[in-house]
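*Asks:* sequence first, then the predicted structure:
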Amino acid sequence: MRELAAEHGTPLYVTDLDRVAENCARLRAAFPDAEVRYAAKAHTGRAVLETVRAAGVDAECASAGEVRRALDAGFPGGRLHYTAVNPPARDLDLVVEWWTEHPDLTITVGARDTLDRLADRGFDGRVCVRVNPGVGAGHHEKVRTGAAAKFGVPADRAAAVVAEARERFDAVGVHAHAGSGIHGEEDLAAHRELVARMGDLAREVGDLEYVDAGGGFGVPYRESDPALDLQAVADATREALGDVDAALAVEPGRYVVADAGVLLTAVNTVKPTADTTVAGVDAGMTDLLRPAMYGAYHAIRNLDADAGRERAPVTVAGPICETGDTFCDGRDLPTPRRGDLLAVGNAGAYGYEMASTYNSRPRPAEASLAGDLLRERETLDGVTRLERGGSVE
Ligand code: LLP
């Protein structure tokens, strides 16, 4: 980590592509007869997508941009699923255009009128219907999709929409997703309930290729959290689905990449206060938004503090002008020193992906653990390159 930080500078995302491949293998072993799809939104980096493809896992994409990147990473249409959420016209235009060259790709619709919008564009390919199962789960209110009106066809209209899709297209599947970060009994019970309802729907409509039970499998963020028992989740999913004449599909994102990434950041300022020692670091909420957005916990290791370093309540704070721009507040950590290198753990999922240029901060670089530069550090020119004008006298 120190070598990578010295070579590429900080803040730096480090991604272990071997771990990505291992996580894919774990998923395929736990769900041996299911179609495993990677929810690309968790990390759409080219190297990650290529690793996932080579590991035999398919791609689930949330936008035309993600579809493009999956195609560029070599996913054939038959391994590509576009889950259109309130799709903008431009996204549908693009995906339908690409579908003419990749006619095996599948479009998952979450509203009846998306069928009209697809037909208007000349599409008559593979369609899956996303259902709002009315049961949600996940680590935070903002990511419990299963019961949010925004997502999916209301459950009581699902069979009718599948019937209509069948008349007009090649209707191949039904889909639902409970939410993100399923961990613990309560979430698992909700996931099971969702899958059971999808099993009922599949038996009602019949003649499907697959039932997609969504993703959301959690990972331990706290060092004290137990690991997710993936096999137990897989067994519960299978059992809840019951006997259906269709394949099971799952589409986890976080599980594939979360523990394959860390964010390295350097301590630039140390400020003792009455309650806590503030370590001012060079990464902020613009690099890793999850703590600010969801109050998410990420483990933090001081890579320069040996076991003998005294500990204290430490607040790791970024350079953004917002109170919420901290990675932890008063956490028991080794007393920081200027120049220390910190590693923020489990940053591989929804890390770089949610980075922004707020406060005119160029986005960080990304290297593989093996030492290759995967993404250059953005420059200030990169931040301003879309601007026009500058002629006000
Ligand atoms: N499938 C669908 C339709 C989804 O909407 C999502 C996530 C997934 C699969 C993958 O869920 P996963 O296995 O990664 O939990 N930014 C948030 C997470 C938002 C997830 C949105 N949808 C976070 O950082 O926690």
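*Replies:* Yes, it's here. All values reported here derive from a predicted model rather than from experimental measurement.
*Asks:* give the buried residues for stretch 109-124.
*Replies:* Val109, Gly110, Ala111, Thr114, Leu115, Arg117, Leu118, Phe123 (16 or more other CB atoms under 10 Å). Every C-beta, even on glycine, is put in place using the N, C-alpha and C of the backbone.
*Asks:* for it, what is the distance to the chain centroid?
*Replies:* 26 Å (CA atoms, centre = their mean, to the nearest Å).
*Asks:* contacts for it, please.
*Replies:* 83-87, 89, 92-93, 96, 99, 107, 127-130, 132, 151-153, 157, 161, 164-165, 168-170 (CB atoms under 8 Å, 6 or more residues apart in numbering).
*Asks:* pull up the residues of the stretch 251-393 of the chain that are close to the ligand.
*Replies:* Contact residues, the stretch 251-393 of the chain versus the ligand (CB under 6 Å from any ligand atom): Glu251, Pro252, Gly253, Arg254, Tyr255, Arg290, Tyr294, Ala349, Tyr350.
*Asks:* now rank those residues by neighbours and give me the top one.
*Replies:* Pro252 (30 neighbours; other CB atoms under 10 Å).
*Asks:* quick one, strands of the stretch 1-150 of the chain?
*Replies:* With strands called from DSSP state E, counting those that start in this stretch, the stretch 1-150 of the chain shows them at 12-15, 35-39, 58-61, 80-84, 106-109, 126-132.
*Asks:* please convert those to a markdown table, extending it with mean pLDDT and distance to the ligand.
*Replies:* Shown next, in a markdown table, are those (pLDDT from 0 to 100; distance: least, CB to the nearest ligand atom, whole Å):
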| stretch | mean pLDDT | distance to the ligand |
| --- | --- | --- |
| strand 12-15 | 99 | 15 |
| strand 35-39 | 98 | 3 |
| strand 58-61 | 98 | 6 |
| strand 80-84 | 97 | 5 |
| strand 106-109 | 98 | 8 |
| strand 126-132 | 97 | 7 |
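*Asks:* any idea how far the residue in the stretch 51-200 of the chain that the ligand sits nearest to is from Arg37?
*Replies:* The minimum distance from the stretch 51-200 of the chain to the ligand, using CB to the nearest ligand atom, falls at Ser180 (3.2 Å). Per CB to CB, to the nearest Å, Ser180 is found 15 Å from Arg37.
*Asks:* for Arg361, same thing?
*Replies:* 33 Å.
*Asks:* same thing with Val109?
*Replies:* 17 Å.
*Asks:* check Ala54 too.
*Replies:* According to CB to CB, Ala54 and Arg37 sit 15 Å apart.
*Asks:* same deal with Tyr352?
*Replies:* 21 Å.
*Asks:* more neighbours, these two?
*Replies:* Using other CB under 10 Å, the more surrounded residue of Tyr352 and Arg37 is Arg37, with 27 against 24.
*Asks:* show me what that one is bridged to.
*Replies:* Asp58 (DSSP bridges).
*Asks:* I'd guessed it sits against His81; true?
*Replies:* Yes: in this structure, Arg37 is within contact of His81 by CB atoms under 8 Å, at 5.9 Å.
*Asks:* who touches both of the two?
*Replies:* Common neighbours of Arg37 and His81 (CB under 8 Å, 6+ apart) are Asp58, Ala59, Glu60, Asp212, Glu251.
*Asks:* what about the third one, neighbour count?
*Replies:* I take that to be Glu60. Residues near Glu60, counting by other CB under 10 Å, number 29.
*Asks:* again with the one 10 residues further on
*Replies:* Other residues near Ala70 number 27, with proximity taken as other CB under 10 Å.
*Asks:* got it, and Pro103?
*Replies:* 14.
*Asks:* list the contacts of the closest residue to it other than its chain neighbours.
*Replies:* Leaving out its chain neighbours, the residue that sits closest to Pro103 by CB to CB, 6 or more residues apart in numbering is Gly125, at 5.8 Å. By CB under 8 Å, 6+ apart, Gly125 lies in contact with Trp99, Pro103, Asp104, Leu105, Thr106, Ile107, Phe169, Asp170.
*Asks:* most widely separated two among these?
*Replies:* Asp104 and Phe169 (13.4 Å; CB to CB).
*Asks:* tell me how far Lys41 lies from Ala155.
*Replies:* 24 Å.
*Asks:* err, Ala349, not the other one
*Replies:* From Ala349 to Ala155 the distance is 29 Å (CB to CB).
*Asks:* for Asp275, same thing?
*Replies:* 49 Å.
*Asks:* so for the two, which sits in the more crowded spot?
*Replies:* Legend: neighbour count by other CB under 10 Å for Asp275 and Ala155, higher for Ala155 (17 against 10).
*Asks:* that one contacts Val131, correct?
*Replies:* Yes: counting by CB under 8 Å, Val131 is a contact partner of Ala155 at 5.7 Å.
*Asks:* between the two, what contacts are shared?
*Replies:* In contact with both Ala155 and Val131: Arg197, Leu201, using CB under 8 Å, 6+ apart.
*Asks:* how many residues are close by Cys61?
*Replies:* Each residue near Cys61 was counted by other CB under 10 Å, and the total is 28.
*Asks:* separation between it and Glu141?
*Replies:* To Glu141, Cys61 is 25 Å away according to CB to CB.
*Asks:* can I have the buried ones of the contacts of Gly125 as a ChimeraX selection?
*Replies:* Command for ChimeraX, covering only those of the contacts of Gly125 found buried under the criterion 16+ other CB under 10 Å:
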select :99,105,106,107,169
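*Asks:* redo the contacts of Gly125 as TSV? Include distance to Arg311.
*Replies:* Output for those, formatted as TSV (distance: CB to CB, whole Å):
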residue	distance to Arg311
Trp99	57
Pro103	60
Asp104	56
Leu105	53
Thr106	52
Ile107	53
Phe169	60
Asp170	61
